[in-house]
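> structural data only, the sequence is not supplied:
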Ligand code: SF4
């Protein structure tokens, strides 16, 4: 008998893609004989070299390209994103069974509509993605997200990073300016860290200028911002004792590698999208307006970030470096 063919539509943001990994792992456990593919934006395809569970990764550049990549090839689509476009994609590709969350005008395009349980929306997003598996049977409890660094990426990092203690700092946030703590405070924390470890600046291509500016202010800092693929980022973070970051995709990568994180949260939700594992520090201020989940501060003052002092972040770093 032919193996059932399942395509998992991955989320489009790095952090969400990492938080969706436990669902992929559990799917493999539930359907060991299935042929499982991950359909992902090309920029995130490299992430899936760091995980097991998928037989195939299908990168795409455009929505039509995604339809072509899966049309006629799969029996089941598991749609992790809640977007209308992902449901339309599976429908247009004529995948017979289409599992996803109801709502967003997409319910008519799905064969298996999973209701959005309000309790689930108040839990970590790992559970949110994982719940979709309930349409395929009784899933195991989700395991924490886990990444393994591929050998080529490990060699890449070994060539660029020195031996000895390293601490990574991620001063940018691809999603928007509201998620960014103040650059001068990152630089000051970086200078204090530099007395005890080499600082490695990381970030996406859009944050390369910011990374270079901050690296120039920290003695001995190594600037990798804008220069890493996802697996190379993972390889660099895996070499570090600590990761200091805004609430970003790399934060979830570090968590999935078991690297301790000091995460600075402003407008985002510390309940649904913190690093999943234990032992991390989340630094945030409880304000009436937070979490607003906006890309730029709608009130114009950005107080959620401005009221986090350099000393608070440094203390969380120092405590972890002392361990
Ligand atoms: S509205 Fe409040 S939570 Fe949102 S960015 Fe502004 S200060 Fe931060």
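Received the coordinates, thanks. This is a predicted model, so every value here is computed, not measured. Numbering: from 1, shown residues only.
> please count neighbours and contacts with C-alpha atoms only from this point.
Noted.
> just the strands in the chain please.
Here the chain has its strands, by DSSP state E, at 5-9, 35-41, 56-60, 76-79, 97-101, 112-114, 166-170, 198-201, 222-223, 242-246, 261-264, 281-283.
> can you put those in a markdown table and add mean pLDDT and mean neighbour count?
Shown next, in a markdown table, are the strands of the chain (pLDDT from 0 to 100; neighbours: other Cα atoms under 10 Å):
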| stretch | mean pLDDT | mean neighbour count |
| --- | --- | --- |
| strand 5-9 | 98 | 22 |
| strand 35-41 | 98 | 22 |
| strand 56-60 | 98 | 17 |
| strand 76-79 | 98 | 26 |
| strand 97-101 | 98 | 23 |
| strand 112-114 | 97 | 18 |
| strand 166-170 | 98 | 27 |
| strand 198-201 | 98 | 26 |
| strand 222-223 | 98 | 21 |
| strand 242-246 | 98 | 26 |
| strand 261-264 | 98 | 26 |
| strand 281-283 | 97 | 18 |
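> so which of those gets nearest the ligand?
Counting by Cα to the nearest ligand atom, the ligand lies closest to strand 261-264 out of the strands of the chain; the figure is 11.9 Å.
> so which elements touch the closest one?
strand 242-246, helix 249-257, strand 281-283, helix 310-322 (3 or more Cα pairs under 8 Å, 6 or more residues apart in numbering; DSSP states H and E).
> in TSV, list these along with distance to the ligand.
Converted to TSV, those look like this (distance: least, Cα to the nearest ligand atom, whole Å):
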stretch	distance to the ligand
strand 242-246	13
helix 249-257	18
strand 281-283	13
helix 310-322	17
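> need those in a markdown table with distance to residue 298, can you?
Listed next are those as a markdown table, based on distance: least, Cα to Cα, whole Å:
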| stretch | distance to residue 298 |
| --- | --- |
| strand 242-246 | 19 |
| helix 249-257 | 23 |
| strand 281-283 | 21 |
| helix 310-322 | 24 |
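> point out the most buried one among those.
The highest average neighbour count among these, using mean count of other Cα atoms under 10 Å, belongs to strand 242-246 at a mean of 26.
> tilt between that one and helix 249-257?
Angle of strand 242-246 versus helix 249-257, following axes from the mean of the first three to the mean of the last three Cα atoms, to 10 degrees, is 150 degrees.
> by mean pLDDT, flag the weakest helix or strand of this protein.
helix 118-121 (a mean of 91; mean pLDDT, DSSP states H and E).
> now for that one, which elements pack on it?
helix 125-131.
> how about the residue of the stretch 101-250 of the chain found nearest the ligand, nearest residue that isn't a chain neighbour?
Using Cα to the nearest ligand atom, residue 178 is the residue of the stretch 101-250 of the chain that sits closest to the ligand, at 5.2 Å. Leaving out its chain neighbours, the residue that sits closest to residue 178 by Cα to Cα, 6 or more residues apart in numbering is residue 296, at 4.6 Å.
> show me what contacts that neighbour?
The contact partners of residue 296, by Cα atoms under 8 Å, 6 or more residues apart in numbering, come to 176-178.
> buried subset of the residues you listed?
Neighbour-count burial (16 or more other Cα atoms under 10 Å) is assigned, among the contacts of residue 296, to residue 178.
> can you tell me what sits against stretch 89-104?
The set of residues external to stretch 89-104 that reach it, using Cα under 8 Å, 6+ apart, is 63, 66-68, 70-84, 87, 107, 109-116, 132, 135.
> ends of that stretch, how far apart?
14 Å (Cα to Cα, to the nearest Å).
> can we start the residue count at 17 from this point?
New numbering, starting at 17: the last item is stretch 105-120.
> what does this structure have sitting close to the ligand?
Proximity of the chain to the ligand, by Cα under 6 Å from any ligand atom, involves residues 194, 282-283, 305-308, 313-315, 317-320.
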